[in-house]
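Student: structure for this input, please:
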Amino acid sequence: RHEGCLLIMAIIDIALLAINFCYSRDFLTIRPQKAKAFCKTKPSFQVETIKENMPIIYGVTSTYKRYLQLPELTRLSQTLLHIPKFHWILTEDSYQKTKTVTKFLQKSGLNYTHLNTKNNIPPTKFIKDYNTRRMGLNWIRENVPPTKDAIVYFIDDDNTYSLKLFDEIRATKRAAVWQVGLVGGILNEGPVKCENGKVLEWKAYWWPDRLIPIDMAGFAVHVKLLFERPKAEFCDLPDMESDFLSSLCVTRDNIEANNCNDVLVWHTQTKTPEVEE
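Tutor: Numbering: from 1, shown residues only. Okay, here's the model as predicted:
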């Protein structure tokens, strides 16, 4: 009886080895085939490749002290970390650079320039971040060579940006435009019909007869325009964006429009929390 048990156990061991061998053989032959097939499928989103001749993007942002400042700067920085060849110009609305923003930038992992100036001195009638925006422009004119292949884009610290937007920005030759979501009292504002890189139809609810009816997040300009028109500046006007573009000799007829179908930036607003000091 003992020998019979040993024989049965030996048979079971051989059977288990055979099963493991078959399973391993199937695993080794089937899994690589699945992996190869998966690798042949094209990802839905292509990560941008860094190239030697890729133009750099200068992102100009104004920020001010509030409860949501650090959370919103953190959220924005997580997007910007994915953008190759990007330089962030962050200007504080402050008499001096704050420790909060200084430490945040030092730990951000981004290429950045930290500036500060006080807004509303002298008092402005329409634009609350007038001085900080002008300081960002002045820094570019003083530090970026006119011949550099670079794009300037104005980034609000509370907006939401798709990574794909920066592909549109980088394609800018002189001045380019696209739609902005959740702005001007409608779902999307800006160019809604394009052909051959030109805008055929615009959509705007607030003051549709503006020279160029677009939000600050809806356009970018090549740095060479800032040097071709050295006196072009932001002015304290309700249509600051279109006035600035027109001072660069940009019009509805010559502004570039390569994508009139997708909304890739949204004018989002975070609810201010009620907290006790």
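
Student: contacts, neighbours, all on C-alpha from now
Tutor: OK.

Student: what about T272, neighbour count?
Tutor: 9 (other C-alpha atoms under 10 Å).

Student: and it, what's its pLDDT?
Tutor: T272 is assigned a predicted lDDT (pLDDT) of 87.

Student: and R133, by the same measure?
Tutor: Reported pLDDT for R133: 96.

Student: confirm it sits in a strand?
Tutor: No - counting by DSSP: H, G, I helix; E, B strand; the rest coil, one finds R133 to be helix, located in no strand.

Student: how about the nearest residue to it, chain neighbours excluded?
Tutor: S62 (6.5 Å; C-alpha to C-alpha, 6 or more residues apart in numbering).

Student: residues in contact with stretch 168-181?
Tutor: 54-57, 151, 153, 187-192, 214-215, 217-222, 224-225, 250, 255-260, 262-267 (C-alpha atoms under 8 Å, 6 or more residues apart in numbering).

Student: bridging residues for K203?
Tutor: G190 (DSSP bridges).

Student: pLDDT score assigned to it?
Tutor: On the pLDDT scale, K203 gets 96.

Student: do L28 as well
Tutor: Predicted confidence (pLDDT) for L28: 35.

Student: follow-up on the earlier one: could you report the neighbour count for the residue nearest to R133?
Tutor: Neighbour tally, S62, other C-alpha under 10 Å: 24.

Student: separation between it and E168?
Tutor: 22 Å (C-alpha to C-alpha, to the nearest Å).

Student: now R229
Tutor: R229 is 23 Å from E168, by C-alpha to C-alpha.

Student: just the CA atoms of stretch 202-211, as PDB, please.
Tutor: Coordinates of each C-alpha in stretch 202-211 appear next as PDB, following Å, rounded to 0.1, in the frame of the first residue of the first chain:
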ATOM      1  CA  TRP A 202     -16.100  84.700 -34.900                       C
ATOM      2  CA  LYS A 203     -18.300  83.900 -31.900                       C
ATOM      3  CA  ALA A 204     -18.600  86.400 -29.100                       C
ATOM      4  CA  TYR A 205     -21.400  87.600 -26.800                       C
ATOM      5  CA  TRP A 206     -19.700  90.500 -25.000                       C
ATOM      6  CA  TRP A 207     -18.900  93.300 -27.400                       C
ATOM      7  CA  PRO A 208     -18.700  91.200 -30.600                       C
ATOM      8  CA  ASP A 209     -17.500  94.300 -32.600                       C
ATOM      9  CA  ARG A 210     -14.200  94.500 -30.900                       C
ATOM     10  CA  LEU A 211     -11.200  94.700 -33.300                       C
END
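
Student: mind listing residues that contact it?
Tutor: 184-186, 188-193, 213-214, 239, 242-243, 246, 251-252.

Student: now do the helix or strand containing the residue nearest to R133: which elements does it pack against?
Tutor: Secondary structure from DSSP states H and E places S62 in strand 56-63. Strand 56-63 sits against strand 86-93, helix 130-143, strand 150-154, helix 165-170, with contacts defined as 3 or more C-alpha pairs under 8 Å, 6 or more residues apart in numbering; DSSP states H and E.

Student: got any ranges where the stretch 151-277 of the chain has weak pLDDT?
Tutor: Applying pLDDT under 70 to the stretch 151-277 of the chain flags no residue at all.

Student: ok, 90 please
Tutor: 184, 230-231, 269-277 (pLDDT under 90).

Student: all strands of it, in order?
Tutor: 160-161, 175-177, 179-183, 186-195, 198-203, 219-222, 263-266 (DSSP state E, counting those that start in this stretch).

Student: now do the third one: distance to the chain's middle.
Tutor: What it means is strand 179-183. 14 Å (C-alpha atoms, centre = their mean, to the nearest Å).
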